[in-house]
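Asks: Sequence first, then the predicted structure:
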Amino acid sequence: MRVLIVDDEPGIRKTCRLAVETMGHEVVDVPNGARAAKALEESVFDACFLDVKLGPDDGLEVLGRLLQAAPALSVVMFTAFANIATAVEAMRRGAFDFIPKPFTPDQIRAVLTKIAKTRSLESRVKLLESQLADEAPAVDLTSAEPAMERALQVAFRAAESPATMLILGPSGTGKSVLAREVHKRSAQRDAAFVTINCPSLSKELLESELFGHVKGAFTGAVADTLGKVAAAEGGTLFLDEIGEMPMEIQPKLLRLLQEHEYERVGEVRPRRSHVRVIAATNRNLAEEVRAGRFREDLFYRLNVISVALPGLKDRPGDLRRLADNYLAFFSRRVGKQARSFSPEVSSALAGYAWPGNLRELRNAIERAVILAGGDRIELTDLPESFHGPVQVAVTVGAPATLDAIEAEHIRRVLAAARTLDDAARTLGIDPATLYRKRQKLGLH
């Protein structure tokens, strides 16, 4: 790293320089704020040691000027007047750390090691963010459809509040995407966003995953585990498919929401929690309450802010823009030149029922781009469901309900798929949702 030392005492600068140079870093040392500012104009530095007292200069004011000139600079403050108030003020103004005088060379080396590790982690995070951006298309949370616009307005207006939010909508409509965006716009944005998928685990495992457990609480509990509630402390806990949470766990979640308390499995001592809860479901929770499968008090506690996302078939004004975005993204990712849809494809996309919603649209466009032989997507590049008998019935307006069309489409996909997971991927829904639909339709 390149390190800048700013101190009006030559002996301090020399001692600090020697400690830094023994670690293999490059060093420039200056006696005052003006020289430090000039050094930053002439070169880029990674770290800076800055004295709080610089003769006539106020080190805290110099700190502000340095960070304004170089926001990524990691500044460590020196002071012979070590006190908590000065340390807190320095950190509040953006200092990376604080070392009281007199200091030892080991203290200098330790803080530089800390800076190096932090910068390395920041680089890794940026790399991962870049890789994720390459793996997934940009989130599009705009709409030309009034129902979707209203849903987004409600969600974003409520984002800054700590209120519990319930996001409703069919599978594949982007409920988890919206939940993450609400977190990014909230006061908890700098803390964790933690997801737990309620149908994915048994009752016992879900309780342990959610609240944690202590060693020996059950067979296989060989160590203490904190759980997702603790992991989300100060941030957002997203409960996906809350409608499938077992009844036995619902009172414990209600306690968390009302009293901000919970207990780990096998532990009697209550723990405090400060998390914002966002829940999502594709079920009608009011009907689940009437059927006795969901607690009424929990439903009302979750339903403080309710946001209903419409299915893709109810967003015809957004369909073409979303399809174009997926087309551009997947063409870049797989190195294809596909830039447009044929008229037949445009008609098929507009006439399709989209039971899998946005997830199915993404899968269909990705498949089409991979199979495309030229710079235009043709009808044969789409899955068979778009140009088979089911699609003809849709496009010519033959008398059939959307439920009947969806059922026929699921039958055809199940018949062609090797496994339930393959069928779920084709439909753009998760296997648990497909399992429920299959049971409802009497398909085996």
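Replies: Structure's in. What do you need? Numbers count the residues shown, from 1 in each chain.
Asks: isn't residue 301 right next to residue 164, touching?
Replies: Yes - shown here, residue 301 and residue 164 form a contact pair, counting by Cβ atoms under 8 Å, at 6.8 Å. Backbone N, C-alpha and C define where each C-beta goes, glycine included.
Asks: Which residues are in contact with each of the two?
Replies: residue 257 (Cβ atoms under 8 Å, 6 or more residues apart in numbering).
Asks: buried stuff in stretch 429-444?
Replies: In terms of neighbour count (16 or more other Cβ atoms under 10 Å), stretch 429-444 has its buried residues at 429-434, 436-438.
Asks: Reformat those residues as a markdown table; add secondary structure.
Replies: Below are these laid out as a markdown table (DSSP: H, G, I helix; E, B strand; the rest coil):
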| residue | secondary structure |
| --- | --- |
| 429 | coil |
| 430 | coil |
| 431 | helix |
| 432 | helix |
| 433 | helix |
| 434 | helix |
| 436 | helix |
| 437 | helix |
| 438 | helix |
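Asks: Taking the residues you listed, tell me the two that lie furthest apart.
Replies: Of all pairs drawn from these, the greatest distance, 12.8 Å, lies between 430 and 438 (Cβ to Cβ).
Asks: State which helix of the protein is the longest.
Replies: Ranked by number of residues, the top helix in the chain under DSSP state H is helix 105-135.
Asks: next one: stretch 368-378 to chain centre, how far?
Replies: From the chain centre to the centre of stretch 368-378 is a distance of 31 Å (Cα atoms, centre = their mean, to the nearest Å).
Asks: What is the end-to-end distance of that stretch?
Replies: 8 Å (Cα to Cα, to the nearest Å).
Asks: coming back round to it: can you name every helix or strand that the longest helix of the chain contacts?
Replies: Judged by 3 or more Cβ pairs under 8 Å, 6 or more residues apart in numbering; DSSP states H and E, the packing partners of helix 105-135 are helix 10-21, strand 47-51, strand 74-79, strand 97-100.
Asks: Tell me the strands beside the last one, with direction?
Replies: Paired strands of strand 97-100, with direction, are strand 74-79 (parallel) (DSSP bridges).
Asks: any residues touching the partner strand, and which ones?
Replies: Residues outside strand 74-79 that contact it (Cβ under 8 Å, 6+ apart): 7, 12, 46-53, 59, 63, 66-67, 86-87, 90, 94-101, 103, 111, 115, 118-119.
Asks: Any of those residues buried? List them.
Replies: 7, 12, 46-53, 59, 63, 66-67, 86-87, 90, 95-100, 103, 111, 115.
Asks: Assign a three-state SS to residue 152, would you?
Replies: Residue 152 is classified as helix under three-state DSSP.
Asks: residues near residue 3, how many?
Replies: 24 (other Cβ atoms under 10 Å).
Asks: and the strand or helix carrying it, what other elements does it pack with?
Replies: Assigned by DSSP states H and E, residue 3 belongs to strand 2-6. Counting contacts by 3+ Cβ pairs under 8 Å, 6+ apart, strand 2-6 is packed against helix 10-21, strand 26-30, helix 33-42, strand 47-51.
Asks: Return the most buried member of the ones you listed.
Replies: With neighbours taken as mean count of other Cβ atoms under 10 Å, the helices and strands packed on strand 2-6 reach their highest mean count in strand 47-51, at a mean of 25.
Asks: Perfect, that will be all.
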